[in-house]
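Need a 3D model of the sequence below.
(chains A and B)
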2 protein chains.
Amino acid sequence: MELKFMNLALKYALEAYEMDEVPVGAVIVKDGIIISYAFNKKECNKSVLEHAELIAIRKAEKKISNWRLDGCDIYITLDPCPMCASAIKQARISNVYSALQNSDIVNTKVINQIFSADKINPKVNFYTNICPIESKNILTSFFKMKR
Amino acid sequence: MELKFMNLALKYALEAYEMDEVPVGAVIVKDGIIISYAFNKKECNKSVLEHAELIAIRKAEKKISNWRLDGCDIYITLDPCPMCASAIKQARISNVYSALQNSDIVNTKVINQIFSADKINPKVNFYTNICPIESKNILTSFFKMKR
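Okay, here's the model as predicted:
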C-alpha cells in the first residue's frame, strides 16, 4: 500500500464532487505504475455502470488489452458496492485498498463473501479504513451541500 | 412473465455460442415492449463488464436516457453473478426471470442478499429455473465443445 495512490484517488473524488457526483475516486496500479484512474460519473453519464471502480477497470482492460488484471491493485475512497466488488474479483485484481469502510453492514458482509475465493477466481485481499477521515470529510461535506 | 421474451434471450445465448463466448443472453422489457437485448461478449471485447446483463442495461439506459429502469423486467438465460445482480438492483429493475439456476450455492446466497431491499433501492423480484432444460442444453453443449 502506497499512500500517494490513495491521495490521488481522493483527488479524483474531489473532481466528482465538483461535477455534483457522489465523490468517489479510484486508481489502479501495477508494480508501482498507474494503469488507470476514474471518478464516479453516474448522474452525468446516466448509468449505474459509471461507478469510479468500473470506469477504472474498463480503462485498465483497454490499456493492457486484456480483462485479466492479475497483479493489479485498486485504491478506492469508499468500500465498493457488490457490483464493483464482483467486477474487481472477476478482473482478478489482487489487492483492494479502501479509504473508508461503508457504514452499511449488509454491504460489508456481502462484499466480504464476494472477495472470498470461489471455484473460478482467487481471493481478493481487502484492506479498508486506510484513511477514513479524509474520505469521510469529502462525503459528509457533499451530502450536507446536497441537503 | 412471457415465455416469448425468454425464448428471445435463449436465441441471443446461441449467438454468443457462435462467437465462442459463454452462451448467456439477456432481454429487457417494459410494458410488453423490448427495450434492449444482448449476449455475453467478455472474450471478444476483453472486458469483465461485457456480461449480457450489463450490456443490456447500458443499452436500455441509453435508449431511455436515464439510469432508472423502474418498471422494467429482465429475462436472462442463467442466474446473474453478483456484479450483474447488483447492477440490476441499482438500476431498479422490478423483475428478474432466469431460465436456469446457477449450480453454485454461494452465488445463489449472495444474489438473494443483493436482491433484498436495502436503504436505497427496493426489493427485486427474482424468479429462477423458468425453463432450465433449454438453457442447460446450450451451456452443456458449449463446455463439452470447449473441452
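
Stretch A:129-144 - what's its average pLDDT?
This predicted structure assigns stretch A:129-144 an average pLDDT of 97.

at contact distance from chain B, anything in it?
No: legend: contact between stretch A:129-144 and chain B by Cβ under 8 Å from any Cβ of the partner chain is lacking; minimum distance shown is 12.9 Å. C-beta here means a position set from N, CA and C on the backbone, and glycine is covered the same way.

And the contacts of that stretch?
A:1, A:3, A:6, A:10, A:13-14, A:17, A:22-23, A:77-78, A:97-101 (Cβ atoms under 8 Å, 6 or more residues apart in numbering or on different chains).

Name the member of those with the shortest distance to chain B.
A:V22 (11.2 Å; Cβ to the nearest Cβ).

so who does the closest residue to that closest one other than its chain neighbours touch?
Excluding the flanking residues, the one nearest A:V22 by Cβ to Cβ, 6 or more residues apart in numbering or on different chains is A:N40, at 5.5 Å. By Cβ under 8 Å, 6+ apart, A:N40 lies in contact with A:A16, A:E21, A:V22, A:P23, A:V24, A:G25, A:E50, A:H51, A:A52.

Same check on A:P23?
A:A13, A:L14, A:A16, A:Y17, A:F39, A:N40, A:T77, A:I138, A:L139, A:F142.

Drop anything exposed from these.
Among those, those scoring as buried are A:A13, A:A16, A:Y17, A:F39, A:N40, A:T77, A:I138, A:L139, A:F142 (criterion: 16 or more other Cβ atoms under 10 Å in any protein chain shown).

Out of the contacts of A:P23, list just those in helices.
A:A13, A:L14, A:A16, A:Y17, A:I138, A:L139, A:F142 (DSSP state H).

Looking at the residues you listed, spot the one nearest B:T108.
A:L139 (32.8 Å; Cβ to Cβ).

and the gap between the closest one and A:I133?
To A:I133, A:L139 is 11 Å away according to Cβ to Cβ, to the nearest Å.

ditto for A:N7
For A:N7, the distance to A:I133 (Cβ to Cβ) stands at 13 Å.

So the two - more neighbours on which side?
A:N7 (14 against 10; other Cβ atoms under 10 Å in any protein chain shown).

quick one: contacts for the more buried one?
Counting by Cβ under 8 Å, 6+ apart, A:N7 has no contacts.

My reading is that it lies in a helix. Confirm?
Yes: judged by DSSP: H, G, I helix; E, B strand; the rest coil, A:N7 forms part of a helix.

Any figure for the gap between A:E21 and B:T108?
A:E21 sits 33 Å away from B:T108, going by Cβ to Cβ.

Between the two, which is the more surrounded one?
Neighbour count, other Cβ under 10 Å: between A:E21 and B:T108, A:E21 has more, with 20 against 15.

Quick check: that one is in a helix.
No: assignment of A:E21 by three-state DSSP gives coil, placing it outside any helix.

Pull up the per-residue confidence for the residue lying closest to it once chain neighbours are set aside.
Take A:E21 and drop its neighbours on the chain: the residue closest to it by Cβ to Cβ, 6+ apart is A:N40, 4.7 Å away. For A:N40, the model assigns a pLDDT of 98.

which bits of chain A sit near chain B?
So far as Cβ under 8 Å from any Cβ goes, chain A lies against chain B at A:42-43, A:46-49, A:54, A:57-58, A:61-62, A:65-67, A:81-87, A:90-91, A:104, A:106-107, A:109-110, A:113-114, A:118-119.

out of those residues, which are buried?
Among the residues of chain A next to chain B, those that count as buried by neighbour count (16+ other Cβ under 10 Å) are A:42, A:47-49, A:54, A:57-58, A:61, A:67, A:81-87, A:90-91, A:107, A:110, A:113-114, A:118.
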